[in-house]
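In: Sequence and predicted model, in that order:
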Amino acid sequence: MTGWLAANLISVLNGLAIGALLFVLAVGLSLVFGMMDVLNLAHGALFVTGAYVAAALSAGGPSWGAYLGALGLAAVIGLLAGGALSAMTEPLRRRSHLDQALLTLGVALIVAEVLQIVFGDDPLAVPAPPGLDGSVPLFGAAYPTYRLVIIGIGAALAVAIHVLVERTTLGALVRATVADRDMVAAIGVDNRRVKVAVFALGSLLATVAGVLGGPVYGASVGLDSTVLILALVVVVIGGLGSVRGALVGALLIGQIESLGRALLPDLASFVLFGALALVLVLRPQGLFGSRAGAVV
């Protein structure tokens, strides 16, 4: 192992873990925006809802029952929230993105206020489940086991979502709806059901990401805005509607976040948004985006 990599191994691994979490969050936002042309600014609120669900269920102490229960409850909340958001934004389908942004931002503010009233202002810790709360030796350094698991979960979800979008009937319907909504409607497919399915999947991924990220970020007021900004940066860099773009963008931003804060703590934010500006100048549609809006 080279001297630089040995000295920064923990930061690189942290970047992979952050990137995996960002992928789970951002791919849902990318699918909803890129495929359904709906700008959902409530995505960060869904993430923090999942984090608070994990904090509430683990208040009695870490256990696998609490962790799996939080994942299940967060998934249900995500599905219901996705259906509700789809219904709320349907009347705005032919209007500008500004109208969608204002509506979903309002929803996000309401959710954040309710969570603050219920759970208070103090940040809440979310413990990792038993067996994953320790660390493992890795090239002479100790690294948290849970973060390694997050990296594996992110990789598995990337494969699963790619297969879902590219190899299944639902994925084919979604791609066809993006390409020609009227033609799909002409063969008897209800476009609204496709939209609800994509919205529900995206929202489910956001709430589940909140549970997965709980032991890393905790649950706190303002976390929704932080993760939403990062997710938007990932989507813009990767390209709208692109699963591959969301993965590459998330891993890139994860490394910039981690290494930037470790090596250039005073300039970390400038490096992050500098990378965004560079991509926008050189390739406005994103690294894997299509000017025609195709799904890749």
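Out: It's in.
In: all helices for the chain, in order.
Out: Counting by DSSP state H, the chain has helices at residues 3-7, 9-36, 43-57, 64-89, 97-119, 145-167, 169-179, 181-186, 191-217, 223-238, 243-263, 268-282.
In: got the buried residues for the fifth one?
Out: The neighbour-count check on helix 97-119 (16 or more other C-beta atoms under 10 Å) flags 100, 103, 104, 105, 107, 108, 111, 112, 115, 119 as buried. The way it works is simple: take the backbone N, C-alpha and C, and place the C-beta from them, glycine included.
In: And it, how far out from the chain middle?
Out: How far helix 97-119 lies from its chain's middle: 17 Å, per C-alpha atoms, centre = their mean, to the nearest Å.
In: sorry, back to before: could you dump the buried residues of helix 97-119 to JSON lines with distance to residue 261 and pLDDT?
Out: Written out in JSON lines, the entries for the buried residues of helix 97-119 read as follows (distance: C-beta to C-beta, whole Å; pLDDT from 0 to 100):
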{"residue": "100", "distance to residue 261": "33", "pLDDT": "91"}
{"residue": "103", "distance to residue 261": "34", "pLDDT": "94"}
{"residue": "104", "distance to residue 261": "29", "pLDDT": "95"}
{"residue": "105", "distance to residue 261": "28", "pLDDT": "95"}
{"residue": "107", "distance to residue 261": "31", "pLDDT": "96"}
{"residue": "108", "distance to residue 261": "26", "pLDDT": "96"}
{"residue": "111", "distance to residue 261": "28", "pLDDT": "96"}
{"residue": "112", "distance to residue 261": "25", "pLDDT": "95"}
{"residue": "115", "distance to residue 261": "26", "pLDDT": "96"}
{"residue": "119", "distance to residue 261": "27", "pLDDT": "95"}
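In: Could I get those residues in TSV, plus columns for distance to residue 53?
Out: Output for these, formatted as TSV (distance: C-beta to C-beta, whole Å):
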residue	distance to residue 53
100	26
103	24
104	20
105	22
107	17
108	17
111	12
112	15
115	10
119	10
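In: Mean neighbour count, the helices of the chain: which tops it?
Out: Comparing the helices of the chain by mean neighbour count (mean count of other C-beta atoms under 10 Å), helix 43-57 ranks first with a mean of 27.
In: That one to helix 223-238, inter-axis angle?
Out: In terms of direction (axes from the mean of the first three to the mean of the last three C-alpha atoms, to 10 degrees), helix 43-57 departs from helix 223-238 by 130 degrees.
In: What is helix 43-57 packed up against?
Out: helix 9-36, helix 64-89, helix 97-119, helix 191-217, helix 223-238 (3 or more C-beta pairs under 8 Å, 6 or more residues apart in numbering; DSSP states H and E).
In: Nearest to residue 146 among those would be which one?
Out: Closest approach to residue 146 among those is made by helix 191-217 (5.4 Å; C-beta to C-beta).
In: quick one: pLDDT of residue 294?
Out: For residue 294, the pLDDT comes out at 45.
In: swap in residue 77?
Out: We have a pLDDT of 97 for residue 77.
In: for residue 291, same thing?
Out: 53.
In: Repeat that for residue 180.
Out: Looking at residue 180, its pLDDT reads 71.
In: Can you give me the neighbour number for it?
Out: Residue 180 has 10 neighbours, counted by other C-beta atoms under 10 Å.
In: quick one, what contacts the nearest residue to residue 204 once chain neighbours are set aside?
Out: Distances taken as C-beta to C-beta, 6 or more residues apart in numbering put residue 78 closest to residue 204, at 3.6 Å, once the chain neighbours are dropped. When contacts are counted by C-beta atoms under 8 Å, 6 or more residues apart in numbering, residue 78 touches 46, 50, 200, 203, 204, 205, 206, 207, 208.
In: and which of those is nearest to residue 143?
Out: Nearest member of the contacts of residue 78 to residue 143, counting by C-beta to C-beta, is residue 208, at 23.4 Å.
In: Report the separation between the closest one and residue 231.
Out: In this view, residue 208 and residue 231 are 14 Å apart by C-beta to C-beta, to the nearest Å.
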